[in-house]
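>>> 3D model of this:
(one chain, ligands or ions: 1)
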Amino acid sequence: MRKQYLHLSAYCCEVCNGPVIAGMVAVRENEISKETGITPVGAICLSCAHRQSGPAESGRARHLLPIEWEPVGASGAGHLTTAYTETLNRAELH
Ligand SMILES: [Zn+2]
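Here you go, the predicted structure:
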């Protein structure tokens with residue numbers, strides 16, 4: 001059965017040394033298949049809100065256990081696509 005998983009990792013913020021939490025989602029088609037469609041969903045420092053997309057060269061990320069996650073793209077991604085299309089349409093008018 002197809003399931004989506006949320007992976008969280010934590011690493012040190014290069015600005016304030018606070019904890020950056022980074023998330024990505026991946027899909028597993030069934031229990032034994034490999035995860036596919038790995039998509040980063042953002043990273044942010046909990047202390048200073050710096051958006052750091054990966055650990056500093058000297059640092060390392062600590063990975064939390066994957067969490068089963070309901071697909072979030074259904075309404076959210078559709079909405080984004082709609083907004084993007086509207087922007088394109090508006091651009092064409094000028
Ligand atoms: Zn920070």
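>>> And the ion, is stretch 57-70 touching that?
No - against the ion, stretch 57-70 shows no contacts by CB under 5 Å from the ion, the least distance being 12.4 Å. No exception for glycine: its C-beta is placed from N, CA and C like everyone else's.
>>> from the middle of its chain, how far away would that stretch be?
Between the centre of stretch 57-70 and the centre of its chain there are 11 Å (CA atoms, centre = their mean, to the nearest Å).
>>> residues of it that come out buried?
In terms of neighbour count (16 or more other CB atoms under 10 Å), stretch 57-70 has its buried residues at Pro66, Trp69.
>>> Spell out which parts of the chain neighbour the ion.
Within reach of the ion by CB under 5 Å from the ion, the chain has these residues: Cys13, Val15, Cys16, Gly18, Cys45, Ser47, Cys48, His50.
>>> Let me know whether the third one touches Ala49 as I believe.
In other words, Cys16. No - at 9.8 Å, Cys16 does not count as touching Ala49 under the criterion of CB atoms under 8 Å.
>>> More neighbours: which of those two?
Comparing Cys16 with Ala49 by other CB atoms under 10 Å, the one with more neighbours is Cys16, at 14 against 11.
>>> If anything else comes up later, I'll come back, but that's it for now.
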